[in-house]
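# Need a 3D model of the sequence below.
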Amino acid sequence: MTDIEFDFLRGYLKTRSGLALSAEKRYLIESRLTPVCRRFNLATLHDLVNALKASRDPSIERAVVEAMTTNETFFFRDRVPFDLFRDVLLPEAMTRRIAQRRLRIWCAAASTGQEPYSLAMLIQDAAPRLAGWQVEIVATDLSTEVLEKAKAGLYSHFEVQRGLPVQSLLKHFEQVGEQWRISASLRQMVDFRPLNLLNPFDSLGTFDIIYCRNVLIYFDAPTKGDVLARLSASLAPDGAVLLGAAETVIGLTDRLVPHPQHRGLYGQAPVVTRPIMSAQPQPMLRRVVGL
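Coordinates of the predicted model:
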């Protein structure tokens, strides 16, 4: 692979997935895209680059982007964001939405489904308190391949051992040969949809809680800022966004602010409004949106 071809692939991936690869990641492109060449009977990466430039096969273009996507995930990953959901976010959201009795949750980088299914388990465990409520979990990912696996809800023994308590495995899964399938009731709770975060997503509607964990780390600063601003636009005024442990909004957007007590948790920035002018001058009103 020549330097020109490497730069082309870096630009191609940046444009289509937001993935920002440094010059040191040449080995990563070669190791992940060489199997794509074999899959499509292309002799070399040079031939792959020519195929992409010709835009003659959308399946090749999709395979290239998906091959470079990192899909590392497991049930209840990092645990704290899920304890926070169970102990803080869900109870507080239920208090705020008691009149509507409806909650909307979005997992913006769902991968093979472990994150949204982990939330679904917690919601199902809280079923007595949620009687009569409508709880919607929307789960999106760039990769259609991993979404198909997520929809099937079928996991290996290794996958269910990673982060999943034994009692949850026995309660929410059934063994199918050497694999484990998550219950039909949990699969029905999650609406999996393909979505590229670089594209508009306002059509998804407004959410009370957004999980967008461990995906922004692959973007450059301008792309991070753009995605975060649009996440804010899709978040309810009193909603919450959870990012990965290595991710932040600081220096990227002023529309979201960190929670003072919970790391990785963000809410809408305070809004300053000016009231309608009356005969007597009034001070500016400040509305601080709590989590």
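# For residue 138, pull up the helix or strand it's in.
Under the criterion of DSSP states H and E, residue 138 resides in strand 134-141.
# buried stuff in the next helix-or-strand element following that strand?
Using DSSP H and E, the helix or strand that follows strand 134-141 in sequence is helix 144-152. Neighbour-count burial for helix 144-152 flags 145, 146, 147, 149, 150 (criterion: 16 or more other CB atoms under 10 Å). For glycine as for every other residue, the C-beta is placed from the backbone atoms N, C-alpha and C.
# And the first one, what's its pLDDT?
Right, the one you point to is residue 145. For residue 145, the model assigns a pLDDT of 89.
# Spit out the contact partners of the residue nearest to it when sequence neighbours are not counted.
Excluding its sequence neighbours, the residue lying closest to residue 145 (CB to CB, 6 or more residues apart in numbering) is residue 66, at 5.5 Å. Contact partners of residue 66, counting by CB atoms under 8 Å, 6 or more residues apart in numbering, are 142, 143, 144, 145, 146.
# Put together TSV for the residues you listed, with distance to residue 130 on each row.
What follows is those, written out as TSV (distance: CB to CB, whole Å):
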residue	distance to residue 130
142	31
143	31
144	31
145	33
146	28
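# which two in the residues you listed are spaced the farthest apart?
142 and 145 (10.0 Å; CB to CB).
# nearest to residue 129, of the buried residues of helix 144-152?
residue 150 (26.7 Å).
# check contacts around the closest one.
110, 111, 112, 113, 116, 117, 139, 141, 190, 192.
# how near is residue 127 to residue 160?
Here the criterion is CB to CB, to the nearest Å. By it, residue 127 lies 22 Å from residue 160.
# Residue 222 too?
Distance, residue 222 to residue 160, by CB to CB: 39 Å.
# which secondary structure element contains residue 242?
Per DSSP H and E: strand 235-243 holds residue 242.
# Pull up the pairing partners for that strand, direction included.
Strand 235-243 has these partner strands in its sheet, going by DSSP bridges: strand 207-212 (parallel), strand 265-268 (antiparallel).
# Rebuild these as CSV, extending it with mean pLDDT.
Output for the strands paired with strand 235-243, formatted as CSV (pLDDT from 0 to 100):
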stretch, mean pLDDT
strand 207-212, 98
strand 265-268, 95
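# so which of the ones you listed gets nearest residue 75?
strand 207-212 (13.6 Å).
# now the angle from the closest one to strand 134-141?
Here the directions of strand 207-212 and strand 134-141 differ by 30 degrees (axes from the mean of the first three to the mean of the last three CA atoms, to 10 degrees).
# what does strand 207-212 contact?
Identification of contacts with strand 207-212 by CB under 8 Å, 6+ apart yields 81, 85, 89, 93, 96-97, 103-109, 115, 119, 138, 197, 227, 231, 234-236, 238-243.
# Where do the helices of the stretch 151-291 of the chain begin and end?
157-161, 166-172, 184-189, 221-233 (DSSP state H, counting those that start in this stretch).
# Deepest-packed of those, please.
Mean neighbours per residue, mean count of other CB atoms under 10 Å, is largest over the helices of the stretch 151-291 of the chain for helix 221-233, with a mean of 18.
# which secondary structure elements does the helix or strand where residue 7 lies contact?
In this assignment (DSSP H and E), residue 7 forms part of helix 3-17. Packed against helix 3-17 by the contact rule (3 or more CB pairs under 8 Å, 6 or more residues apart in numbering; DSSP states H and E) you find helix 26-39, helix 45-54, helix 58-67.
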